[in-house]
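**Student:** here are the coordinates; sequence isn't available:
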């Protein structure tokens, strides 16, 4: 953490971009693939689009009504929904696990090296994808570090 | 509910980050809120228990054991669904953080419109939750939460019914109906079988239970039937009760079968609240990978000042969401489309841009000449390409930029003009390149405000810059003529359609004058004014095509659509070139009715262009009716053949307009300026000095005289400018001359050109003419003009004209 804090000193949060939902097909979870202008200089269009499209595919798969979801519902009914105490729903598996993992991996590989950070939309109620843009503050980290230290000692 | 007022006493709802599903300890209880659910629970459990205790034993013995089992299963089902409906999160949205609604602050409209399957749906801004409610979302006043796919707040379960728990609520209703009917039926059976023991305890209890069941059966069955219909239609109670889709089409329905399966068989949606925040262990540390930005892009970004970013951010939430204006007003878009049918695709894009009205008109005021950085970037990309590509253009660009900088400097903040000029040149160069004309145009246009600005500016420099003109001419000639011709055609077409619009009164003067700076200044005026309606944007093109792109840029400053602008710009840029091309290729192949600007450009070009330009004057008349009288006048006055061009004569007038503009003086000679631009427009590119020098001299003398006459009528400065313009215009020299004129007038803007009022300017013009053909140095040309006074000895054989720096040009008469 210490390392992270020091690192954070040198990269400060400059801006946040919010990718909105695409409601053109109803209330199914889908995000716009439009490339925001703030990211134009930070990341390639293709990478961004691929990320959003993959996320959209994940959500579409999670909301798909098929055999598995039907069986899950019947089972839940049969057990008076006690099964929910033991088992994760299909959607939860998709959302929690797959997407979180995908976003983490994208952040590590693609976005963090470019000074960006994607936040899981579930934290925002699936309304927006939040992309934080960090700016390189240079060597201001040392000064802020020392100031924080002095602040803590003063306390 | 009476209890709700006390509920908010515990904490401010808007300040609380968590929705009210989490009850803080300080929150006072609202007993009234729990009455219905307590009553429901009491009646349900109590009655069923009594039923099982008193009615079922006898029935099971009498008929079968299946009776209580069946009832037991149904009751279990009822309970399970009741608990799920009561305790499950219906799909509460967490409150938005402050940073999310930064864009939607003061300027945030109350409604945002989004198109869902072709139907406009309004999204309302929730002030409590600080976001625009997604479709089908509603804010529950009882729970003080925004709930996804809000159905209603059910008091019997003391919970909102939303996306996550609607299924359980529906099943609860179904099972409850079945349960009530079973209890009632079996109780009736019991009573009928035990008629003789009716006064027994069992019978009495059974009767009581039957009464309760019968009492609740009617409303519950009614509610169940109501929800069965809702599920089949794919609506929520909220939508049904508020009549949202009354007589209309429901965009959320997928058909009866799909709706039912969605309710019953879809996977359980995840909750948004109460999730453990997954801490990202990703460290974001510099150095960061950056996209390769060309210097042009960086320059664009610097110029942008981040305003575009703000604008874009403010719109980002609105962009795709609104197919129409974000405000509740009706969208303006269709008008531009009707207006400029000839623009085609570009028009459509522009129209879409127009449709997305900027959130605040004030933004335009802040950024009069810039368009969103996105466009910027696009432009710079193009520019970068240009840079990499057009090496040969470099020289031209430099010269033109110097020229343009002169122009720009006089009228606008330097920083603004500079990049645009560069871009302009780049784009123009690119346009000349031919193959990537589209791209160039797009990129130029994409620059958004800047491109628009650039293009507007570009047109000037391209004309004024002798180097560019010559370069363009040479290039055009070398390149396939078809490409250019097509460009010209498209440019002319686009301009034509643009010109179809009735220009505002002040526009003609602007158009007429070939003063680029005045044009730019004019554009600034337009921009400074309140943004016109989208039509207005298109209107500007009518002003000769220069104004509109620029103005349109203004309007759509925050609209990122690059392509929309690019074609427009492209057209304009190509437009610029095309007159030259045409002239150089053949005067007869004059472009089809070009916009005013075209004509302006074309006139000088055609006129001087060679002796074959004889048909030009008529052509000019044909195209530029308002210059008609002027041309006639010139013709009558000139004794020379076609070579002696009316444009030359009109030059003085031409000079006026743009000088005036640069000094922000209303064009006194509006009509003259209107005329002059046409004629004063830079001589055709690549035009060779084929005209007879004698005739030219004569013409120039006359023009100069006229200029001085008109100069006398105007202020000294204007006159001076007119003179300079006249001189420049009179010169049939290649475009370089015109360019010279511009800078000259620009630089002279401040200083009253008293000397210019003298007729000596006339002689200088021919000298300029002669010197210009090969000339690339704009300042070189301009200086002679400014300095003027040509001392041109009225010798018969050779005329000597002194240029800048003491250079002497000899004109053979």
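**Tutor:** Alright, I've got the coordinates. Predicted, not measured: the structure shown is a model, and the values here were computed from it.
**Student:** need the longest helix for chain B.
**Tutor:** helix B:201-233 (DSSP state H).
**Student:** residue ranges of the helices in chain A, please?
**Tutor:** Per DSSP H, chain A carries helices over the ranges A:2-10, A:45-62, A:67-78, A:83-86, A:90-92, A:100-106, A:140-154.
**Student:** residue contacts, residue B:163?
**Tutor:** For residue B:163, the contacting residues are B:90, B:91, B:147, B:148, B:149, B:269, by Cβ atoms under 8 Å, 6 or more residues apart in numbering or on different chains. Quick note: C-beta positions are derived from backbone N, CA and C, even for glycine.
**Student:** Next, give phi and psi for residue B:123.
**Tutor:** The phi/psi pair for residue B:123 (degrees, to the nearest 10) reads phi -110, psi 130.
**Student:** burial of it, as a residue count?
**Tutor:** Counted with other Cβ atoms under 10 Å in any protein chain shown, the neighbours of residue B:123 add up to 20.
**Student:** Who does it form a beta bridge with?
**Tutor:** Counting by DSSP bridges, residue B:123 is bridged to residue B:112.
**Student:** contacting residues for it?
**Tutor:** Contacts of residue B:123 (Cβ under 8 Å, 6+ apart): B:111, B:112, B:113, B:114, B:132, B:133, B:134, B:135, B:321.
**Student:** Among the residues you listed, which one has the most neighbours?
**Tutor:** The most crowded member of these, judged by other Cβ under 10 Å, is residue B:132 (28 neighbours).
**Student:** just checking, that one touches residue B:126?
**Tutor:** Yes: at 7.3 Å, residue B:132 counts as touching residue B:126 under the criterion of Cβ atoms under 8 Å.
**Student:** rewinding a little: of the contacts of residue B:123, which is the nearest to residue B:236?
**Tutor:** Distance to residue B:236, by Cβ to Cβ, is smallest for residue B:135 among those, at 10.8 Å.
**Student:** Skipping adjacent residues, who's closest to that closest one in space?
**Tutor:** Closest residue to residue B:135 apart from its sequence neighbours, by Cβ to Cβ, 6 or more residues apart in numbering or on different chains: residue B:121 at 5.0 Å.
**Student:** Just after the strand or helix carrying that neighbour, pick out the following helix or strand.
**Tutor:** Using DSSP states H and E, residue B:121 sits in strand B:119-126. Following strand B:119-126 in sequence order, the next helix or strand is strand B:131-132 (DSSP H and E).
**Student:** so what strands line up beside that next one?
**Tutor:** Paired strands of strand B:131-132, with direction, are strand B:119-126 (antiparallel) (DSSP bridges).
**Student:** about what we covered before: farthest-separated two in the contacts of residue B:163?
**Tutor:** B:147 and B:269 (12.0 Å).
**Student:** what touches both of the two?
**Tutor:** B:91, B:163.
**Student:** quick one, which of these two is more surrounded?
**Tutor:** Neighbour count, other Cβ under 10 Å: between residue B:147 and residue B:269, residue B:147 has more, with 29 against 24.
**Student:** Contacts only, for the more buried one.
**Tutor:** Residue B:147 makes contacts with B:90, B:91, B:92, B:93, B:137, B:138, B:139, B:140, B:160, B:162, B:163, as judged by Cβ under 8 Å, 6+ apart.
**Student:** Out of those, which two sit at the greatest distance?
**Tutor:** Longest distance between any two of the contacts of residue B:147 is 14.5 Å, between B:139 and B:163; criterion Cβ to Cβ.
**Student:** among the helices of chain A, which gets the worst mean confidence?
**Tutor:** Among the helices of chain A, helix A:140-154 has the lowest mean pLDDT, at a mean of 44.
**Student:** how about the residues of the stretch 151-300 of chain B near chain A?
**Tutor:** Within the stretch 151-300 of chain B, the positions lying close to chain A (Cβ under 8 Å from any Cβ of the partner chain) are B:167-168, B:171, B:251-252, B:254, B:258, B:261-262, B:264-270, B:272, B:275, B:277-278, B:280-291, B:293, B:297.
**Student:** Inside helices: which ones of these?
**Tutor:** B:167, B:168, B:171, B:258, B:261, B:262, B:264, B:265, B:297.
**Student:** of those, buried ones?
**Tutor:** Neighbour counting by 16 or more other Cβ atoms under 10 Å in any protein chain shown classes B:167, B:168, B:171, B:261, B:262, B:264, B:265, B:297 among these as buried.
**Student:** Tell me the pLDDT of the fourth one.
**Tutor:** You'll see residue B:261 listed with a pLDDT of 90.
**Student:** Then the first one?
**Tutor:** Residue B:167 carries a pLDDT score of 92 in this model.
**Student:** Correct me if wrong: it contacts residue B:261.
**Tutor:** No: at 11.1 Å, residue B:167 does not count as touching residue B:261 under the criterion of Cβ under 8 Å.
**Student:** Show me where chain B dips below the pLDDT cut-off.
**Tutor:** Along chain B, segments meeting pLDDT under 70 span B:1-29, B:101-108, B:280, B:284, B:286, B:291-813.
**Student:** same thing but at 50, please
**Tutor:** Within chain B, the stretches with pLDDT under 50 are B:1-16, B:23-26, B:308-691, B:712-795.
**Student:** so can I have TSV of the contacts of residue B:147 showing secondary structure and distance to residue A:66?
**Tutor:** Shown next, in TSV, are those (DSSP: H, G, I helix; E, B strand; the rest coil; distance: Cβ to Cβ, whole Å):
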residue	secondary structure	distance to residue A:66
B:90	coil	24
B:91	coil	22
B:92	strand	27
B:93	coil	27
B:137	coil	26
B:138	strand	29
B:139	strand	33
B:140	strand	32
B:160	strand	28
B:162	coil	23
B:163	coil	19
